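1. with the sequence up front, the predicted model follows.
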Amino acid sequence: MLAFDDIQHILLTRVPALTGRYEFLSFRNAAAGRAWVAAIREKVQSAQQARASVETNKRWVSVAFTWNGLRALGLNVASLATFPEEFRQGMTARAEILGDTGANHPDTWVGGLASPELHAIVILFARDAVERERSRSEHQKLIAQLNGVTVLSSLDLEATPPFDYAHDHFGYRDRLSQPIIEGSGEEPTPGSGAPLKPGEFILGYPDEDGPPANLPQPEILSRNGSYMAYRRLQEHVGAFRDFLRQHGRTPEEQELVAAKLMGRWRSGAPLVLAPDKDDPALGADMQRNNDFNYKEMDPHGYAVPLGSHCRRMNPRDTAANMNRRRMIRRGATYGTHLPDDASEDGVERGIAAFVICASLIRQFEFAQNVWANDKNFHELGNERDPIIGNQDGTLEYKIPKRPIRKKITGLPAFTRARGGAYFFLPGLKALRYLATLGDGRQS
Amino acid sequence: MTDTAQQRDWSRPAATAIPKEGYLKLEQGRYGPLYPRTPACHGFTIIAKVKPGREQAVRDYGKSIEAAVAGDPHCLEVLKLHYLRWVLFEIKGDTYFMYQGIFDTDFDKYTEDAVALFSKTGITTVFVNLEGFPEDWRTNVPAFIKFMRDHQRPSFLEYGEYPWVSADEIKKALRVKAALSDMLDQMQ
Ligand code: HEM
């Protein structure tokens, strides 16, 4: 049984928010940090609370901490040492592993995210801009009272129009394929596979390999928490649209190029099920839009290129140990919408997303390192993920096709990492524990 | 992440001399420095001392792998292997085990996949007979990988007569050859 009343809602629920805001905080002293945790904890909904009031709620709050943040709150050395190595090091130290080199290097990140001063994130999802503004000013008052907590930076989230379905600035429908957790009460949609053991995503429960092991201590920190990799990825919408025009003569051909990069049409329709022609009704139909595999249905990649984003991020039946590599995705888009007929305006826009998993090294880092950035994934020779791989203009993208495949050389970068961090997302009881820590750094 | 820029020409035999550290340029992998892909693919040479009295257990393990592969020829498929070579030898009365593998995925991924394979099939691993092997290997992949890395003896030379070619590509080429000869038969 999952402790719905102790698990932060972001782990288990998706809320109907159209805006939101992230604030990145630094604790100048432990007492002020703990006072902030004590106050904000009152606002953080458990999965149970969020589910019970999803219709009436107007805003949802989550909080999480970097390893430096846990230290700044005064968690003792012995406890700090029980956290996994990659989390202790933090995302910036793992840059080379993640493909954050060149234009993506942490030295170029914004908002103080690469700084060891980054201690916590507070995530606000809000139904509308009014509610966001109300919550923002409320939080500002709290910070002002505390004398010792500073806001390093913040990021306002905006859904991109049209607002009736979730999609990114490139126009791809998202939130179609996600792992389902056993005991969460949710049913997998057809093709999504059986529910996974909760320990893949929530600390303290059995995972796909058996009983949980190597959890952070003391025990209160080992239950109902998780890890989150935050990624702020700028999307170069102008470059993306230019690329489609360059490689497709007609709008239909351009849509096909976009689909080939992703593995799904921008409508969400999977290429495996709609290989030649878009099918928006299929894309929108959750009973059908994830019902496919690769090994049987598209072994050579004639529908979905082996290197496309979806096929890399979840190779389904063509990868070993798939159940140990799944990720929960949350987050939103930020920045203004670039109208279809407008040329690139230089304004930063993109996705600000969280990848939630019980093991950053086994799930998130594996996806970034092997699936997104190994040039030789699936024997592709000289490719990386066309959406999130580290692209420096020297790599190619192959689209299998009879009789002869299409090979695009010199693929440009469509995205760029502008920030990121590893966070620990405690359960609600663990939050209370953190709020009441004595200054234990000497122990 | 493997560098593939210069890997085109399988028809040109190639050799790479590797510095003492085991890599040409320091590149961070998830569990430590990445060992390079060479003209002879990825691979490792693990050398470790066998626990006293366990030599026969190690030898018997050879038999059990033979049986497992005979039973399910694809049971090791996920490891993307070309070859495995297992050797026992003595130094001053102690028995040592040398495990050489040549494969197409990187070192850490190989080891992760191997642990998962051992755990899933319920088979144990020959490594339990080696000194210093972590008792909690089933639940502690980082410790398993650390053992492998600590006992890895990097090559200082690797050579490939048909360099940079993966096992999958070789199998593909052999399938094409078989299909071609089949086609020629049909045309007689
Ligand atoms: C700008 C950056 C990104 C864009 C535009 C993007 C877009 C998309 C879209 C449109 C889908 C298909 C919808 C779906 O299957 O739910 C998708 C799937 C997915 N993406 Fe991303 N994504 C981005 C970054 C990432 C990152 C950083 C990760 C993780 C490291 C990731 C992991 C996944 C996964 C696991 C899937 C599901 C694949 C499946 O189950 O078939 N994505 N992405």
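-> Now that the structure is in, tell me what you want to look at.

2. make it CA atoms for all contacts and neighbour counts henceforth
-> Fine.

3. number of nearby residues for the residue of the stretch 301-443 of chain A found nearest chain B?
-> Residue of the stretch 301-443 of chain A nearest chain B, by CA to the nearest CA: A:Asp374 (4.2 Å). A:Asp374 is flanked by 27 other residues according to other CA atoms under 10 Å in any protein chain shown.

4. my read: it touches A:Leu380, true?
-> No - counting by CA atoms under 8 Å, A:Asp374 sits too far from A:Leu380 to count as a contact (9.3 Å).

5. how close does A:Thr336 get to A:Arg349?
-> 6 Å (CA to CA, to the nearest Å).

6. quick one: which of these two has more around it?
-> Using other CA under 10 Å as the criterion, A:Thr336 and A:Arg349 rank with A:Arg349 on top: 23 against 16.

7. with adjacent residues omitted, what lies nearest to that one?
-> Nearest residue to A:Arg349, sequence neighbours excluded (CA to CA, 6 or more residues apart in numbering or on different chains): A:Gly335, at 4.1 Å.

8. surely the one you found touches A:Gly346?
-> No - judged on CA under 8 Å, A:Gly335 makes no contact with A:Gly346 at a distance of 11.0 Å.

9. comparing these two, which shows the higher neighbour count?
-> When A:Gly335 and A:Gly346 are compared for neighbours, A:Gly335 comes out ahead with 19 against 9, by other CA under 10 Å.

10. show me the contacts for the more buried one.
-> A:Gly335 sits next to A:Asp156, A:Leu157, A:Glu158, A:Val347, A:Glu348, A:Arg349, A:Gly350 when contact means CA atoms under 8 Å, 6 or more residues apart in numbering or on different chains.

11. thought the last one was touching A:Gln234?
-> What it means is A:Gly350. Yes - using CA under 8 Å, A:Gly350 is in contact with A:Gln234, at 4.2 Å.

12. quick one, which of the two is more surrounded?
-> More crowded of A:Gly350 and A:Gln234, by other CA under 10 Å: A:Gly350, with 27 against 22.

13. distance of B:Pro13 from B:Tyr159?
-> 8 Å.

14. which neighbours do the two have in common?
-> Listed as contacting both B:Pro13 and B:Tyr159 by CA under 8 Å, 6+ apart are B:Pro39.

15. near the ligand, which residues of chain A are found?
-> Within chain A, the positions near the ligand by CA under 6 Å from any ligand atom are A:168, A:172-178, A:233, A:235, A:310, A:313-314, A:327, A:351, A:364, A:367-368, A:388, A:415.

16. look at the most centrally placed residue in chain A and tell me its secondary structure.
-> Among the residues of chain A, the one closest to the centroid is A:Phe354, at 2.8 Å (CA atoms, centre = their mean). Using DSSP: H, G, I helix; E, B strand; the rest coil, the structure places A:Phe354 in strand.

17. what about the strands in chain A?
-> Residue ranges of the strands in chain A, as given by DSSP state E, are A:19-27, A:59-65, A:120-126, A:149-158, A:226-235, A:328-334, A:350-357, A:396-399, A:406-409, A:415-425.

18. check whether the last one contacts chain B.
-> This points to strand A:415-425. No - Strand A:415-425 lies out of reach of chain B by CA under 8 Å from any CA of the partner chain, never closer than 14.7 Å.

19. and for residue 161, nearest residue in space, chain neighbours not counted?
-> Chain wasn't specified; assuming chain A. Per CA to CA, 6+ apart, closest to A:Pro161 is A:His337, 7.1 Å.

20. chain B is the one I meant
-> Using CA to CA, 6+ apart, the nearest residue to B:Glu161 is B:Pro13, at 4.5 Å.

21. for the residue of the stretch 1-150 of chain A found nearest chain B, give me its contacts.
-> As assessed by CA to the nearest CA, chain B sits closest to A:Ile97 within the stretch 1-150 of chain A, at 5.4 Å. Contact analysis of A:Ile97 by CA under 8 Å, 6+ apart lists A:Glu365, A:Gln368, A:Asn369, B:Gln28, B:Gly29, B:Arg30.

22. show me what the lowest-mean-pLDDT helix or strand in chain B is packed against.
-> Within chain B, no helix or strand scores below helix B:107-121, which has a mean of 83 by mean pLDDT, DSSP states H and E. Packing partners of helix B:107-121 (3 or more CA pairs under 8 Å, 6 or more residues apart in numbering or on different chains; DSSP states H and E): strand B:42-49, helix B:141-151.

23. can you pull out the residues in contact with that helix?
-> A:209, A:320-321, B:29-31, B:34-35, B:42-44, B:78-79, B:124-125, B:137-138, B:141, B:144-145, B:148.
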